[in-house]
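In: Sequence plus the predicted model coming up.
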Amino acid sequence: MDFENLMIEKDISLFHDDALIIVDMQNDFIPGGSLPVEGGDEIVEGINSIAEIFTKSYASIVLTQDWHPKEHLSFASNHPGMRPGDEYQTEAIGPVLWSDHCVQNTNGSEFHEDLKKEYAHAIIRKGYHPEIDSYSGFIEYDKKSETGLAGYLKSLNVKRIFICGLALDYCCFATAMDGVDFGFKVYFIVDLTKGIDIPSGNISNALESMVNKGIIFVMKKSFE
Ligand code: VGL
Ligand code: ZN
């Protein structure tokens, strides 16, 4: 599945019960960081302008933040002999190990300096259990430990969520898929996200899974 094959909804009007979820726009996922996503820096400005549009509609805005202790078991460095990108699968960690990233209270876990954090109403942190990995903003990789995001959005009566940020095929993808399972109508802003594509073909598989899940694709200009 390619971006060119996606059906894009062209005209979106926002309401106060919509929410923008800005996923993991943190230094380590930006070129120059420890787990860089190619082009990650190119979407910051667009995310700022979408956040402004959501703000004008009195919609909710949430940032997610990958927030690992340094002994986190998703880091290859915590498994002697293993390297970033190696396959590794348990009930709570996988499908691969990563370079150390988004360690709590380091510059790498901070949001990109140009991201307009002042638009955010809430910041949801994830990945702070050392033995459980986290991709989705809703629930950790063990599929049991919730972050509180679903409850937060439901208490605000949010019906539709719009997802952007990093990385397309990991945290954005997982957040979108779980968003459907938690009962939200999910929109994916395709030109305000960038993917890792490890293993190769991962972006294409993620797009196909989202199409099959009924997720709606939009672009920045769909809101203008
Ligand atoms: C992410 C890998 C590991 C992401 C987080 O934000 O997509 N990817 N931790
Ligand atoms: Zn992580």
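Out: Received it, and whenever you're ready, just let me know what you need. Ligands and ions are numbered 1, 2, ... in the order given.

In: quick check: longest helix of the chain.
Out: What stands out as the longest helix in the chain, according to DSSP state H, is helix 44-56.

In: What's the first helix or strand after that one?
Out: Using DSSP states H and E, the helix or strand that follows helix 44-56 towards the C-terminus is strand 60-66.

In: how far out from the middle of the chain is stretch 133-152?
Out: The chain centroid and the centroid of stretch 133-152 are separated by 12 Å, computed with CA atoms, centre = their mean, to the nearest Å.

In: hey, what's E146 bridged with?
Out: Beta bridges link E146 to I139, judged by DSSP bridges.

In: Number the chain from 636, please
Out: Fine by me, first position is 636 from now on; the one you just mentioned is E781.

In: What are the boundaries of the strands in the protein?
Out: Along the chain, the stretches classed as strands by DSSP state E are 643-644, 653-658, 695-701, 757-761, 795-801, 820-829, 851-853.

In: Next to ligand 1, which bits of the protein? Give me the list.
Out: D659, F664, D701, W733, Y770, L801, A802, Y805, C806 (CB under 6 Å from any ligand atom). Where you see a C-beta, it was placed from the backbone N, CA and C, and this is true even at glycine.

In: Go ahead and confirm the third one touches D735.
Out: This points to D701. No. Using CB atoms under 8 Å, D701 is not in contact with D735; the gap is 11.6 Å.

In: Who has more neighbours out of those two?
Out: Neighbours per residue, other CB atoms under 10 Å: of D701 and D735, the larger number sits with D701, 30 against 19.

In: For that one, which residues are in contact?
Out: D701 is in contact with D659, Q661, D663, F664, H736, C737, S744, R760, K761, G762, S769, C806, counting by CB atoms under 8 Å, 6 or more residues apart in numbering.

In: would you list these in a markdown table and tack on neighbour count?
Out: Listed next are these as a markdown table, based on neighbours: other CB atoms under 10 Å:
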| residue | neighbour count |
| --- | --- |
| D659 | 30 |
| Q661 | 26 |
| D663 | 26 |
| F664 | 27 |
| H736 | 24 |
| C737 | 26 |
| S744 | 21 |
| R760 | 18 |
| K761 | 30 |
| G762 | 26 |
| S769 | 29 |
| C806 | 25 |
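
In: Check what pLDDT P834 gets.
Out: With respect to pLDDT, P834 scores 87.

In: what does D637 give?
Out: Among the per-residue scores, D637 holds a pLDDT of 88.

In: Could you do E644 as well?
Out: Model confidence at E644, expressed as pLDDT, equals 97.

In: Also the one 10 residues further on?
Out: Reported pLDDT at A654 in the predicted model: 98.

In: Nearest residue to it in space, please, no chain neighbours.
Out: Leaving out its chain neighbours, the residue that sits closest to A654 by CB to CB, 6 or more residues apart in numbering is S695, at 3.9 Å.
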